[in-house]
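> the sequence isn't on hand, but the structure is:
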C-alpha cells in the first residue's frame, strides 16, 4: 500500500480550545497528525465520517489528493477542490481546532495551550454550517426531528454524495 491508512479503530480525535491562535506551522512540527479549524464541523462525528470516506477513496483508487489528511479535508468539506477544503478547515489563527491522527503526541496540548472541549451545535454554529454547506430552511424542514439532527443528517448526506460529484 503506497499510503498509510489512518486506522479509524485506533484513531485519536479531540476537539480543543487554544489559548493562542494556531497556524499551519504546527502541521510541519507534527507530521503524524492533522489539526483543523473546527468552526465548520458539527461534531467529532463529522471528521470521523470524512476519515472513513477518505480511507475508502484511497482503497478504491478514487482519491483526489495524494495526502490522506488532505483527502479527509476534502470529504469533510463536501468539496472536490483542495483550495475550497483548505479555505474551510485550514488554520488561519484558529483557536477552536480538532486534532486527529494515530497518536496525539504526549504533551502536545499543554505545549500549545490547548484544553479539550466538546463541539456544541448551538444556534450560532447551526447558522454558520447552513451557510457553509448551502443548506436551506426548506431542506431542514423536510427532515423530521430537531434542527440540529436534521443539519447533521444533511451534512452527512452531502459528504456521502461527494463520491458521485
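Looks like it came in fine. Quantities reported herein were computed from a predicted structural model and do not represent experimental measurements. Numbering: from 1, shown residues only.
> how close does the residue most central in space within the chain sit to residue 136?
Centrality entry for the chain: nearest residue to the mean C-alpha point is residue 47, 4.0 Å, by Cα atoms, centre = their mean. Separation of residue 47 from residue 136 (Cβ to Cβ, to the nearest Å): 24 Å. Using the backbone N, CA and C atoms, a C-beta is placed for each residue, glycine as well.
> got the contact list for the residue nearest to the centre of the chain?
If a contact means Cβ atoms under 8 Å, 6 or more residues apart in numbering, then residue 47 has 13, 36, 41, 72, 76, 98, 100 as its contacts.
> contacts for the strand or helix carrying the second one next, please.
Residue 36 is located in strand 33-37, with elements delineated by DSSP states H and E. Strand 33-37 is contacted by residues 22, 26-27, 47, 69, 72-73, 76, 88-92, 94, 96-101, 103-105, 108 when judged by Cβ under 8 Å, 6+ apart.
> repeat that for stretch 137-149.
If you take Cβ under 8 Å, 6+ apart as the criterion, stretch 137-149 is touched by 42, 121, 126, 130, 150-151, 153-154.
> centre of the chain versus the strand or helix carrying the residue nearest to the centre of the chain, how much separation?
Assigned by DSSP H and E, residue 47 belongs to helix 44-60. Remark: helix 44-60 is offset 10 Å from the chain centroid, using Cα atoms, centre = their mean, to the nearest Å.
> circling back to that earlier point, for the contacts of stretch 137-149, which one is nearest residue 31?
Taking Cβ to Cβ as the measure, residue 31 sits nearest to residue 42 out of the contacts of stretch 137-149, at 27.3 Å.
> how far away is the closest one from residue 145?
Relative to residue 145, and taking Cβ to Cβ, residue 42 is found at 14 Å.
> more neighbours, those two?
Legend: neighbour count by other Cβ atoms under 10 Å for residue 42 and residue 145, higher for residue 42 (24 against 10).
> what's near enough to touch that one?
Neighbouring residues of residue 42 by Cβ under 8 Å, 6+ apart: 119, 121, 125, 129, 148, 151-152, 155.
> next, the angle from the longest strand along the chain to helix 44-60.
The longest strand of the chain (DSSP state E) is strand 12-23. Interaxial angle, strand 12-23 versus helix 44-60 (axes from the mean of the first three to the mean of the last three Cα atoms, to 10 degrees): 100 degrees.
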